[in-house]
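Trainee: below are the sequence and a predicted model for it; my questions follow.
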Amino acid sequence: DAGITQSPRHKVTETGTPVTLRCHQTENHRYMYWYRQDPGHGLRLIHYSYGVKDTDKGEVSDGYSVSRSKTEDFLLTLESATSSQTSVYFCAISTTGASGELFFGEGSRLTVL
Amino acid sequence: QKEVEQNSGPLSVPEGAIASLNCTYSDRVSQSFFWYRQYSGKSPELIMSIYSNGDKEDGRFTAQLNKASQYVSLLIRDSQPSDSATYLCAGWYGSSNTGKLIFGQGTTLQVKP
């Protein structure tokens, strides 16, 4: 157990509303990632962070922003949710530095009506 | 070309058989590759990593990397119904300090009793 908690686990919202998903880790690992998963697309990287205030864009970053003001928290914000952002969102951390050995949170299922 | 590509399947094999899962990658992906297993409704979990050309064995799992052909595979020997899941291939993309993990779309494996 890598000590990752995602919140909320489920959320239903309406188009145009802001949404923030939180990823919290208990072990002070430097690298954190946000992915979304949709049928037929596998996992697609939205944003990632390699330290406090150090973030970068992934494959599908449009419509999303992130913040990391503390090592333990990585926030994903949808400024104005759209139906195309209905998805399952996974947070992941790397416990071995910048590597592909990731541990995933349990996921947050977001439905935008 | 997508950075990492997989056949989405489903791949169906009888119990006890060898399941062979395949993945190809583009020039932009580095030489570090990973296989994740994801049960329905759950988060992905790392099962194998491979960093150099050749084979790597771990129990019933063997990962194979062929750099010349840009090809990664996962063999599961003596397949069990509990191996039924989606298998995600992933490759490391970018620098060692700020890189990211890129996933294929996943292959669904069904092991029939």
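Mentor: Sure, I can see it.
Trainee: centre-most residue in chain A?
Mentor: The centroid of chain A falls nearest to residue A:34 when counting by C-alpha atoms, centre = their mean (2.9 Å).
Trainee: return the host helix or strand of that residue as PDB; C-alpha atoms alone will do.
Mentor: Per DSSP states H and E, residue A:34 falls inside strand A:31-38. What follows is strand A:31-38, C-alpha atoms only, in PDB (Å, rounded to 0.1, in the frame of the first residue of the first chain):
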ATOM      1  CA  TYR A  31       6.600  12.200  -8.600                       C
ATOM      2  CA  MET A  32       2.800  12.300  -9.000                       C
ATOM      3  CA  TYR A  33       0.600  11.800 -12.000                       C
ATOM      4  CA  TRP A  34      -3.000  12.300 -13.100                       C
ATOM      5  CA  TYR A  35      -4.400   9.900 -15.700                       C
ATOM      6  CA  ARG A  36      -7.900   9.500 -17.200                       C
ATOM      7  CA  GLN A  37      -9.200   6.200 -18.400                       C
ATOM      8  CA  ASP A  38     -11.900   5.800 -21.100                       C
END
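Trainee: returning to that earlier point: which residues does the residue nearest to the centre of chain A bridge with?
Mentor: residue A:47, residue A:91 (DSSP bridges).
Trainee: which bits of chain A sit near chain B?
Mentor: Within chain A, the positions lying close to chain B (C-beta under 8 Å from any C-beta of the partner chain) are A:33, A:35, A:40-45, A:48, A:50, A:56, A:58-59, A:90, A:98-107. C-beta here means a position set from N, CA and C on the backbone, and glycine is covered the same way.
Trainee: let's see 6 Å
Mentor: A:41-43, A:45, A:48, A:50, A:98, A:100-101, A:104, A:106-107 (C-beta under 6 Å from any C-beta of the partner chain).
Trainee: of all those, which comes closest to residue B:24?
Mentor: Nearest to residue B:24 among the residues of chain A next to chain B is residue A:42, at 13.9 Å by C-beta to C-beta.
Trainee: excluding chain neighbours, what is closest to the closest one?
Mentor: With sequence-adjacent residues excluded and distances taken as C-beta to C-beta, 6 or more residues apart in numbering or on different chains, residue A:42 is closest to residue B:105, at 3.8 Å.
Trainee: got a list of what the residue of chain B positioned farthest from its centre touches?
Mentor: Centroid-distance maximum for chain B: residue B:97 at 23.5 Å, with C-alpha atoms, centre = their mean. Residues counted as contacts of residue B:97 (C-beta atoms under 6 Å, 6 or more residues apart in numbering or on different chains) are residue A:98.
Trainee: now name the helix or strand holding residue A:110.
Mentor: Assigned by DSSP H and E, residue A:110 falls within strand A:108-112.
Trainee: all set now, cheers.
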